[in-house]
Structures are given as C-alpha cells and as structure tokens.
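Peer 1: how would this look folded up:
(chains A and B)
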Amino acid sequence: MNINKTVDAVGMLCPMPILKTVQAVKEMKVGEVLEIAATDEGIKKDIKNWCDMMGHELIDIQDKDNKIIVHLKKLK
Amino acid sequence: MDKATPDKATIVVFSGDMDKVMAAFNIAVGAASSGMEVTMLFTFWGLNILRKDKMGSQSKGILQRLFTLLNKGGTEKLPMSRFNMFGMGPWMMKKLMKRYSMPSVRELYSAAKQLGVKVIACTITMGVMGLAKEDLVDDIDEFAGVITYIKDARESKINLFV
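Peer 2: Have a look, this model is predicted:
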C-alpha cells in the first residue's frame, strides 16, 4: 500500500485526532491514502463512522506496538 | 452522503463552566469535522468565553461594575461546574488536561473557528452584563438575538443547550 500522508495523533484525545485527520484529508488528492497513528481507543469507532459520513474508504485498523494504526482512502 | 447543502447543528452555550463549555466545543468541533454547518450562540455566562480579560467597558453604576468585577471573563478564568474550590479545581483540571494532551477551551475555540463554526454573541445579555463589542474577542461572526438562533435552530438536525 502506498501511503501519501501521515497523521501523528499519538497521545491526543477526542476530538483532536479527527481534527488532524480533517486537516490532512483536505490537503490530499482523491484516491490518496492517509495513515493515522493514535492511542485513543475511541478512534476505532469514530474513524469508521467519520468515513461513513464523509464518504471515504476505511482500509484497515491495526493494533501495533501500543498504537492504533488507521489507513483510509480519500474518495472525494 | 453527498448533499448540496450540509446538515446544520446549533448549540446554545449558556453555561460559563469550563467542563460544560469543553463538552459544547467538543461537539461543535466533531460536527464541523463531519461536514456539518455549526452555529454556537453564546449567552449569559457563556459570554465569558468570548470576553477579553477585563471589566466590561459599558458597566454603569455600582451594581453593574461590581457584577463585571466578580464575573471574570476570558477562557483562562472559567470555573468548573463541580469541585471548583475557589479556583483549585480548574487549576488541577488544567494540569491533568495538559498531561493527557487535552485541548484547552482556548484551543478548542480556535479549532472550531478554523473549521468554520459560526459564533454568535447574544446582544441582550451583553447589555445586561455591561459588555460592549470591544470587550469581546475580535473574531465573532454575528451579534444577534433569539430570532437569529431560531432561524438556524429550526433548520438544524442537532440542537443543544449547554
């Protein structure tokens, strides 16, 4: 997978990870992939619902070295 | 969800308590992040969030002067709804928030503004509290009353009173 942009939201609490994501996605082109690293457990549900609402594709959510790694694709 | 006009969310911020205001901003930022058009109407104690750090310049008479002196403004001076303990509570809370990298009310305010949240100051309570436009921060979008709020609220999917 080609990652075009990354967001470091490690240690951040709601709503900051989503806020950072919004800013990053705004700067991306359609079809590009964003990787988010976070530690707030709430992001797992929040990012899925956010992608549903905004019409972006959630590729996967992984637990890696005490971090939550999210990949999503900008679709519009 | 592709829509020509985005869904609206309207939040009345009546409280000036730090914890409640944080919840209000959290929801506003979340809604704006999800593509909603958000309006926040600040009234009564909520106006303290929009105040610069000083006395209301329009305060007339001893009663209003005393009131604005006791009712401190600015995002750094907000009390908490519980465990305020003459300012000890907010002080401890702010320490904890920093430790857990939680955004402060000021940071949440600028995040909301960045996302295009519309901020309205209620002119009626500004009058009662002796506050002029100059006493409030510079980036307020509108000065209005209840009718403006109703116009936004009647078209809103989310409508909250904090």
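Peer 1: Can you name every helix or strand that the longest helix seen in chain B contacts?
Peer 2: When chain B is parsed with DSSP state H, its longest helix is helix B:18-33. Where contact means 3 or more Cβ pairs under 8 Å, 6 or more residues apart in numbering or on different chains; DSSP states H and E, helix B:18-33 is packed against helix A:16-27, strand B:8-13, strand B:37-42, helix B:88-99, helix B:105-114, strand B:156-161. (C-beta placed from N, C-alpha, C; glycine too.)
Peer 1: repeat that for 6 Å
Peer 2: With contacts taken as 3 or more Cβ pairs under 6 Å, 6 or more residues apart in numbering or on different chains; DSSP states H and E, helix B:18-33 sits against helix A:16-27, strand B:8-13, strand B:37-42, helix B:105-114.
Peer 1: How about residue B:80, nearest residue that isn't a chain neighbour?
Peer 2: What sits nearest to residue B:80 in space, not counting adjacent residues and going by Cβ to Cβ, 6 or more residues apart in numbering or on different chains, is residue B:89, at 4.5 Å.
Peer 1: The one you found contacts residue B:82, correct?
Peer 2: No. Residue B:89 is not in contact with residue B:82 according to Cβ atoms under 6 Å; the separation is 7.4 Å.
Peer 1: Now the residue at the greatest distance from the centre of chain A, what are its backbone angles?
Peer 2: Relative to the C-alpha centroid of chain A, counting by Cα atoms, centre = their mean, residue A:65 is the outermost residue, at 17.2 Å. As for residue A:65, its main-chain torsions (degrees, to the nearest 10) stand at phi 40, psi 60.
Peer 1: so how far is chain B from it?
Peer 2: With the distance defined as Cβ to the nearest Cβ, to the nearest Å, residue A:65 ends up 19 Å from chain B.
Peer 1: Give me the helices and strands touching the helix or strand containing residue B:147, please.
Peer 2: Under the criterion of DSSP states H and E, residue B:147 resides in helix B:146-153. Packing contacts for helix B:146-153, counted by 3+ Cβ pairs under 6 Å, 6+ apart, involve no helix or strand.
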